[in-house]
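Enquirer: no FASTA, just this:
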């Protein structure tokens, strides 16, 4: 069982930056993939970015590529989502998720077993 806790959400301005963090409750993450998803009002949940804890190259959705970057901080059992050049359409609840390492597509939310409670990001124009 892995508990995930997000932090860093809040209000941002268009063109600005925010950084989200997701702390895991365990050090045993070598076989874990992490992902960030978001749900905007009235829309379905959407994959944002993903990374394998060990040796993984981060990936992003087309909607955030070039603006958002996912990374990990091993000493703190934490993954981050650096969000630059924010847009109003980035407004959503952002969720951190984790799953046993898989070769399946990272953007499949159904494959993630553990979820954080979410953190609200609101971007003003």
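Expert: Received, thanks. Please read all numbers here as calculations on a predicted model, not as lab measurements. Numbering: from 1, shown residues only.
Enquirer: Show me which residues of stretch 111-121 are buried.
Expert: Across stretch 111-121, burial judged by 16 or more other C-beta atoms under 10 Å covers 112, 114, 115, 116, 118, 119, 121. (Glycine included, C-beta is placed from N, CA and C.)
Enquirer: so what's residue 73 up against?
Expert: By C-beta atoms under 8 Å, 6 or more residues apart in numbering, the contact list for residue 73 reads 79, 80.
Enquirer: do the same with residue 14
Expert: Counted by C-beta under 8 Å, 6+ apart, residue 14 has contacts 86, 87, 88, 123, 124, 125.
Enquirer: and if you look at residue 124?
Expert: Contact analysis of residue 124 by C-beta under 8 Å, 6+ apart lists 11, 12, 13, 14, 88.
Enquirer: Please, a ChimeraX command that selects the buried ones among these?
Expert: This is how ChimeraX selects the buried members of those, with burial counted by 16+ other C-beta under 10 Å:
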select :12
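Enquirer: would CSV of the contacts of residue 124 with pLDDT and distance to residue 70 be doable?
Expert: Below are the contacts of residue 124 laid out as CSV (pLDDT from 0 to 100; distance: C-beta to C-beta, whole Å):
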residue, pLDDT, distance to residue 70
11, 97, 22
12, 96, 17
13, 97, 22
14, 97, 21
88, 97, 22
